[in-house]
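My questions are about this predicted structure, shown below with the sequence.
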Amino acid sequence: MSGHKFKIGHTVTFREPRRHSRECKIIRLLPLEGGSYLYRIKCFAENLERVAKESELASKSLDH
């Protein structure tokens, strides 16, 4: 059973130090690395995917 907090398709807020928060969609669940679960995300305002740590992501209040 996966210990990931977020699921594929969820919209989350990506919080990166010294930058503005961005809304992103979870694309893929990645394995645990260095004590943190990783995710492949796609931010709506960007034309690229990136990898984010679970600690950099927050739930959107409208997700169920």
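The structure has been received and is ready for your questions. A quick note: this is a predicted structure, and the numbers were derived from the prediction, not measured.

For the spatially closest residue to Glu46 that is not a sequence neighbour, list each beta-bridge partner.
Residue nearest to Glu46 in three dimensions, not counting chain neighbours: Arg22, with 7.5 Å by Cβ to Cβ, 6 or more residues apart in numbering. The way it works is simple: take the backbone N, C-alpha and C, and place the C-beta from them, glycine included. Arg22 has these beta-bridge partners by DSSP bridges: Phe14.

residues contacting Leu57?
Lys5, Phe6, Val12, Thr13, Phe14, Arg15, Cys24, Tyr39, Ile41 (Cβ atoms under 8 Å, 6 or more residues apart in numbering).

Give me the pLDDT value at Arg18.
Reported pLDDT at Arg18 in the predicted model: 80.

Run a quick neighbour tally on it.
4 (other Cβ atoms under 10 Å).

phi, psi of Arg40?
The phi and psi values for Arg40, taken as degrees, to the nearest 10, are phi -90, psi 130.

Quickly note the distance from the nearest residue to it once chain neighbours are set aside to Arg18.
Leaving out its chain neighbours, the residue that sits closest to Arg40 by Cβ to Cβ, 6+ apart is Arg28, at 4.0 Å. As judged by Cβ to Cβ, to the nearest Å, Arg28 and Arg18 stand 26 Å apart.
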